[in-house]
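1. From the sequence below, what's the structure:
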Amino acid sequence: MSKSQTKLLGLLVVIIAAVAVVVSLIGDRSLRAADGAGPVGFVHSARIIAAVERSDEYAKAQKEYEEFAQKLQKEYQSQAEGLDEESKRKKLSELEMKLAEKQIELNKPFQDKIQKAIEEVAKSEGCSVVLSQRVEFEALLPLIDKDQNIVGTQYAPMSIPVVVAGGKDLTDPVLNKLGVK
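-> As a prediction, this is how the structure comes out:
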């Protein structure tokens with residue numbers, strides 16, 4: 001993800017969080033969806049992802065990814081001999097792209113499985129909307145010197161709550177549906 005995309009995502013997350021805070025402050029205790037169809041559900045995404053990452057199925061995908069990365073490393077080493085610096089950079093960039101594509105390919109089934117489980121649990125619990133309890137992202141923060149002057153910026157991991165009050169926690173039913181703990 002490029003820095004500008006990360007900035008945009010960070011801004012979007014802050015806006016969503018602000019809206020969630022306002023809704024939670026003015027909404028009723030059950031935090032009903034806008035159309036009144038049912039309560040808003042939420043999941044602790046980090047818990048779900050961590051549980052999936054501890055599964056045997058994920059370990060197999062991770063092993064496949066690591067083997068693919070080693071294969072690409074060997075491919076680069078064998079092809080890089082005798083190439084000039086520009087050609088080496090180009091080849092390395094090409095292999096990094098292949099590695100990123102492989103990671104997306106291997107993660108997609110897990111993302112789809114999690115999404116389907118959330119949708120099924122939400123439906124069975126009567127929730128018309130499901131939010132993530134917290135959103136993790138990187139934000140561009142100012143670097144401040146001892147005199148409180150901004151001297152630069154740096155990216156830092158951030159975590160903000162999206163659901164601050166109310167709603168229905170669907171995390172455990174989703175974990176049960178996925179068969180992970």
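
2. Residue 79 falls within a helix, correct?
-> Yes. If the criterion is DSSP: H, G, I helix; E, B strand; the rest coil, then residue 79 is within a helix.

3. which residues does it contact?
-> Each residue near residue 79 by CB atoms under 8 Å, 6 or more residues apart in numbering is listed here: residue 91. Bear in mind the C-beta positions are built from the backbone N, C-alpha and C, glycine included.

4. and it, what pLDDT?
-> pLDDT for residue 79: 84.

5. Distance of it relative to residue 103?
-> Residue 79 is 21 Å from residue 103, where distance means CB to CB, to the nearest Å.

6. could you pull out the helices for the chain?
-> 3-26, 45-53, 56-80, 85-125, 171-178 (DSSP state H).

7. Next, the buried residues of the shortest one.
-> Buried positions in helix 171-178, judged by neighbour count with 16 or more other CB atoms under 10 Å: 171, 173-175, 177-178.

8. now swap in the second one and tell me
-> Residues of helix 45-53 classed as buried under the neighbour-count rule (16+ other CB under 10 Å) are 45, 47-48, 51-52.

9. The most centrally placed residue in the chain pairs with what?
-> Nearest residue to the geometric centre of the chain (CA atoms, centre = their mean): residue 136, 6.8 Å. Assessed by DSSP bridges, residue 136 has beta-bridge partners residue 159.

10. per-residue pLDDT, it?
-> Residue 136 carries a pLDDT value of 71.

11. Switch the buried residues of helix 171-178 over to a markdown table; also include distance to residue 99 and pLDDT.
-> Formatted as a markdown table, the buried residues of helix 171-178 follow (distance: CB to CB, whole Å; pLDDT from 0 to 100):
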| residue | distance to residue 99 | pLDDT |
| --- | --- | --- |
| 171 | 32 | 90 |
| 173 | 35 | 93 |
| 174 | 30 | 93 |
| 175 | 30 | 93 |
| 177 | 31 | 92 |
| 178 | 27 | 92 |
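
12. Go ahead and name everything in contact with stretch 58-69.
-> 52, 99, 102-103, 106-107, 109-110.

13. Of these, which count as buried by neighbour count?
-> Among the contacts of stretch 58-69, those buried by neighbour count (16+ other CB under 10 Å) are 52, 99, 102, 106, 110.

14. got a list of what the first one touches?
-> For residue 52, the set of contacting residues under the criterion of CB under 8 Å, 6+ apart consists of 58, 110, 113-114, 178, 180.

15. I appreciate the help and will end here.
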